[in-house]
Every structure is written in structure tokens, then in C-alpha cells.
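Novice: using only what follows, build the 3D model:
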Amino acid sequence: MNKEINTISDKELVKRCIAYERKYQEMLYRKYADKMYSVAMIYSNNNEDDASDILQNGFIQVFKKIHTFKFNGSLESWIRRIIVNKAIELYRKKVRERDNIAEYKTFAETETEGILGNINADDLIKLVNSLPSKASVVLKLFAVEGYSHKEIAEKLKIKEGTSKSQLNRARHLLKEAISKQNG
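Specialist: Alright, predicted model coming up:
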């Protein structure tokens, strides 16, 4: 099959795929899957599971829409565009999920004054810096720099509710870390 893949034209591959000839669909997949997997890995930040999902969903779309390919450009470029669009869809879905979780998840506020009395400034800074990046940045901008949630949201290009929930998350995680450290 590999020899045949290298000798068949894209035009013939497309024609046979439109005719639902399974062998040629497999040939098209084999011809472009490795390159498209590399594209998916780039857009998924080297997350193999996400890249595999992007590749699979992308080729499903390729086979559903192959009849629309008009040879105005290369077949590879057309497939790549589909793969990139699937990567963007996955990214948007994950961002929506993260934002929704962050907005609706609230943490119970507890007294910290007794806990903070037993920790020095250097240890506290290390704990703050060990927080997840978004939570750490929001905490620093709010508590150290004195920015409002509206200002933080504008600077980080996030929703104001996300800023509030990330601050609550940072406080909660910081309290847990301090409690663990103090035994």
C-alpha cells in the first residue's frame, strides 16, 4: 500500500474517497496522518491525548467534507486547515470549561491570622510562587499591587468573575499549603 500511496495523485485519492472507497480513505489517512499529527501536537502543547483527539476529529471532518474540496490549493493545506480548526475548537472548549469552573467554584473563607503568625516572609513568598500561574498572578496583582478585579481582568484579558474566582482559589490553596507546612 505504501508504494501505491506514493504513486496515486491527490485528485485520484479525492475522487475515490468521494466514492466511499475504504481502501483510498485509508491511503489518504496514511499519506497525511503523520504530518497532521505533528500539527495537532503543536496546537495541543504536546499533549498526546488532545493531539490524537484533534487528529481523529479532523479526519472525520475531512471525510465528511471531502466532496467540497475544489483543488484551488493543495490537498495537504486543506486538510491542515481542518486540523487547525479542530485544534482551535478544542482549545475554546477547554477555555470555556476552565472559565465556567473558575467562575462557579467558590471557596469558603477561613480565618488565617493564626496561621500566618507561624510563617516567615520568605516561606510565604515561596508558597505564593508555587501556586498555579493564573491564581498566583491574580493574587499578586490584587494583594500586592492593589489592582481591582476589573483592572486585573483588563490586564490579563479574562472575565472579572474569573479574576475573583482565581483570587479565591489562590487564597484557598495558600491556606491549605500553610496549614500543611505548620502541621
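
Novice: got a list of what residue 131 touches?
Specialist: The contact partners of residue 131, taken as CB atoms under 8 Å, 6 or more residues apart in numbering, are 139, 170, 173-174. (Glycine included, C-beta is placed from N, CA and C.)

Novice: reformat those as TSV; add neighbour count.
Specialist: Output for the contacts of residue 131, formatted as TSV (neighbours: other CB atoms under 10 Å):
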residue	neighbour count
139	21
170	23
173	19
174	21
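
Novice: in stretch 71-90, which residues are buried?
Specialist: Across stretch 71-90, burial judged by 16 or more other CB atoms under 10 Å covers 75, 78-80, 82-84, 86-87, 90.

Novice: could I get these as CSV with secondary structure?
Specialist: Below are the buried residues of stretch 71-90 laid out as CSV (DSSP: H, G, I helix; E, B strand; the rest coil):
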residue, secondary structure
75, helix
78, helix
79, helix
80, helix
82, helix
83, helix
84, helix
86, helix
87, helix
90, helix
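
Novice: can I get those residues in JSON lines with pLDDT and distance to residue 180?
Specialist: Converted to JSON lines, the buried residues of stretch 71-90 look like this (pLDDT from 0 to 100; distance: CB to CB, whole Å):
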{"residue": "75", "pLDDT": "96", "distance to residue 180": "56"}
{"residue": "78", "pLDDT": "97", "distance to residue 180": "53"}
{"residue": "79", "pLDDT": "97", "distance to residue 180": "50"}
{"residue": "80", "pLDDT": "96", "distance to residue 180": "47"}
{"residue": "82", "pLDDT": "96", "distance to residue 180": "47"}
{"residue": "83", "pLDDT": "96", "distance to residue 180": "43"}
{"residue": "84", "pLDDT": "94", "distance to residue 180": "43"}
{"residue": "86", "pLDDT": "94", "distance to residue 180": "41"}
{"residue": "87", "pLDDT": "93", "distance to residue 180": "38"}
{"residue": "90", "pLDDT": "90", "distance to residue 180": "35"}
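
Novice: and those, which is closest to residue 55?
Specialist: residue 83 (6.9 Å; CB to CB).

Novice: still on that earlier bit, max pairwise distance over the buried residues of stretch 71-90: which two?
Specialist: 75 and 90 (22.9 Å).

Novice: helices of the protein, start to end?
Specialist: Secondary structure of the chain (DSSP state H): helices at 2-7, 10-18, 22-43, 48-65, 75-104, 113-116, 121-129, 133-139, 149-156, 160-182.
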